[in-house]
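Chemist: I'd like to go over a predicted model; first the sequence, then the structure.
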Amino acid sequence: MSTSAALPPPESRLGRLRGRARGIKRDTLALYLACRDPRTPWYVRVFAGGVVAYALSPIDLIPDFVPVLGYLDDLVLVPFGIALAVKMIPGPVLVDCRAQAETAWDRPRDRRAAAVVIAIWLVAAGLCFWLVYRALS
């Protein structure tokens, strides 16, 4: 009789990656909340705000269609920036913001905010195309 059958199976690599992805999502929201917290120093707000804006922005430093390097910023730069910003935030602020971020994931989501952001990007893209068309005509 084998004793290995009684042990729980080790966590899969995919499960660990999913856990890390959830942690990055939570920390991104926690950074956003920390930027709005008055206990956060101004220089941390600026850095964390830049990291959150870059993480949520559809515009990348290296476009995704560039082979291999295209996903470098998504896989390395964003998590590194989030980790650095998290280390800069004062401990009590981070604990409070992470708790708020955890409860925010449990609430229903409002799709209107996403629609507004998409509409702003579409209007900006349309304006750029119109300006280019007008300049070339």
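Modeler: Done, it's in. Residues are numbered from 1 along each chain as shown.
Chemist: determine the longest helix present in this structure.
Modeler: helix 111-136 (DSSP state H).
Chemist: okay, domains of this protein per the record?
Modeler: Split into domains by automatic domain parsing, the chain comes to 13-106, 110-137.
Chemist: mind putting those in JSON lines, mean pLDDT and mean neighbour count included?
Modeler: Yep, even glycine has a C-beta here, placed from its N, CA and C like the rest. Putting the domains of the chain into JSON lines (pLDDT from 0 to 100; neighbours: other Cβ atoms under 10 Å) gives the following:
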{"stretch": "domain 13-106", "mean pLDDT": "85", "mean neighbour count": "15"}
{"stretch": "domain 110-137", "mean pLDDT": "88", "mean neighbour count": "10"}
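Chemist: now do the helices in this protein.
Modeler: Under DSSP H, the chain gives helices at 13-36, 42-56, 72, 78-88, 91-106, 111-136.
Chemist: now distance to residue 62 too, for those helices, in a markdown table please.
Modeler: What follows is these, written out as a markdown table (distance: least, Cβ to Cβ, whole Å):
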| stretch | distance to residue 62 |
| --- | --- |
| helix 13-36 | 19 |
| helix 42-56 | 12 |
| helix 72 | 6 |
| helix 78-88 | 12 |
| helix 91-106 | 28 |
| helix 111-136 | 20 |
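Chemist: which of those sits closest to residue 65?
Modeler: helix 72 (12.7 Å; Cβ to Cβ).
Chemist: from residue 79, how far off is residue 17?
Modeler: 12 Å (Cβ to Cβ, to the nearest Å).
Chemist: so the longest helix of the chain versus helix 42-56, what angle?
Modeler: For helix 111-136 against helix 42-56, the angle by axes from the mean of the first three to the mean of the last three Cα atoms, to 10 degrees is 80 degrees.
Chemist: can we start the residue count at 58 from this point?
Modeler: Happy to do that; since the first residue is 58 now, the last one works out to helix 168-193.
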